[in-house]
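> Sequence and predicted structure are below.
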Amino acid sequence: ENLFTRRVGEDGNNIHDIGSCHNDTAISTSKNYYWDEYFLMMSRKRLSNRSCRLQNCLTNCQIPFLKPDSAMFIWMDLSKFLPQELASSSSERALYLELINVYGLLLTPGLSMKMTRPGYFRFVFTAANEDEFELSLIRLSRFATTCTKMH
């Protein structure tokens, strides 16, 4: 139990505990009454912006994807890039390793998330800073362009 949060609640909620890596940041509501609303609004805007940019990249690369219903990740259908000479689970693993080792993209393979067909990968766009996210879009475009020419 976080004793700081408990103490704050007992003091009439004059201070809100804002979680951080060290859980030591506190902001006075008397000075920042709308801070939480502003933070949520800006956070939603940033996530929506990233989602739109990723969807635009996927559309431009002609990579099918499932329209997201949350603001954390997008499922992409990379099945057209699976090596055909391997069994389905082995081909997804081979593509997964190629994405990491050749293109520097760390995506979640669908079979590890109980997808029923190989070739779906989850792109989590919240786990990177802005520069890393931008770099991932460049790398994804390079992957799609290179692999489309090969297929």
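Yes, it's here. Residues are numbered from 1 along each chain as shown.
> for the protein, where's the lowest mean pLDDT among helices and strands?
Across the helices and strands of the chain, the lowest-confidence element by mean pLDDT, DSSP states H and E is strand 15-18, at a mean of 40.
> for the longest helix along the chain, what is the average pLDDT?
When the chain is scanned for its longest helix (criterion: DSSP state H), the result is helix 35-60. The predicted model assigns helix 35-60 a mean pLDDT of 91.
> Report all helices and strands that that helix contacts.
Counting contacts by 3 or more C-beta pairs under 8 Å, 6 or more residues apart in numbering; DSSP states H and E, the secondary-structure elements packed against helix 35-60 are strand 73-77, helix 130-150. (C-beta placed from N, C-alpha, C; glycine too.)
> can you state the direction angle for that helix and helix 130-150?
Using axes from the mean of the first three to the mean of the last three C-alpha atoms, to 10 degrees, the inter-axis angle of helix 35-60 relative to helix 130-150 is 20 degrees.
> Helix 35-60: how far from the chain's middle?
Taking C-alpha atoms, centre = their mean, to the nearest Å, one finds helix 35-60 lying 11 Å from the centre of the chain it belongs to.
> Same question for stretch 119-132.
Here stretch 119-132 is found 4 Å from its chain centre; the criterion is C-alpha atoms, centre = their mean.
> List the buried residues of it.
119-123, 125 (16 or more other C-beta atoms under 10 Å).
> Quick one: these as JSON lines, columns for pLDDT too.
Written out in JSON lines, the entries for the buried residues of stretch 119-132 read as follows (pLDDT from 0 to 100):
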{"residue": "G119", "pLDDT": "92"}
{"residue": "Y120", "pLDDT": "94"}
{"residue": "F121", "pLDDT": "96"}
{"residue": "R122", "pLDDT": "95"}
{"residue": "F123", "pLDDT": "94"}
{"residue": "F125", "pLDDT": "90"}
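> No further queries at this time; thank you.
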